[in-house]
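Participant: I would like the atomic coordinates for the input below:
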Amino acid sequence: MTGPESEGLPLRRAVCPGSFDPITNGHLDIIARAARLYDVVHVAVMINQSKQGLFTVEERMELIRQVTAEYDNVRVESHHGLLVDFCREREIPAIVKGLRAVSDFDYELQMAQMNNGLSGVETLFVPTNPTYSFLSSSLVKEVAAWGGDVSHLLPPLVHDALVKRLAERRQG
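Facilitator: As a prediction, the model looks like this:
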């Protein structure tokens, strides 16, 4: 074993939080970039009881595990509650968030300041790859539901799962 853990150094940890319903290429880009910067990246599938997702939390976690399998330092977990509690329980000092546009910044800055004030956790903003600057899970689901081709916006196995789930919903 090599790296900080084998040398007795503390691991550099970060979390990439989200609902990931479903995970998109934009999400995957941010996770991959975080995985290059940190020793351990926790992908936290946040549970919002007031929202009915297209995929269950377990399905989302499994899809994320599959599309991040090449990164041996990515851990996929779910969490219900405050993100700062997730961070505190795992001794994670940093949150990594992708920013698509200035409109994201206003909201995310408020969240970052609140999280820092509650627990001291830092938020690092990563500019989204311009290819994905418009991309959101909600938009992908809406376009796909109307028959639009979103295959270039999702990892192939996620696209297959999305097409299958939407077909099940139409039938059922």
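
Participant: for this structure, which segments count as strands?
Facilitator: 13-18, 40-46, 74-79, 94-99, 122-127 (DSSP state E).

Participant: just checking: what are the partner strands of the first one?
Facilitator: Just to be clear, that refers to strand 13-18. The strands beside strand 13-18 in its sheet (DSSP bridges) come out as strand 40-46 (parallel), strand 94-99 (parallel).

Participant: which stretch among those strands comes nearest P155?
Facilitator: Closest approach to P155 among the strands paired with strand 13-18 (Cβ to Cβ): strand 40-46, 13.7 Å. C-beta coordinates here come from the backbone N, C-alpha and C atoms, glycine included.

Participant: would you mind pulling the contact partners of the closest one?
Facilitator: Here strand 40-46 makes contact (Cβ atoms under 8 Å, 6 or more residues apart in numbering) with 11-20, 31, 34-35, 57, 60-61, 64, 68, 71, 73-80, 83, 86, 90, 92, 96.

Participant: buried sites along it?
Facilitator: V40, V41, H42, V43, A44, V45, M46 (16 or more other Cβ atoms under 10 Å).

Participant: and which of these is nearest D106?
Facilitator: Of these, the one sitting nearest to D106 (Cβ to Cβ) turns out to be M46, at 19.9 Å.

Participant: give me the pLDDT for the closest one.
Facilitator: At M46, the model reports a pLDDT of 95.
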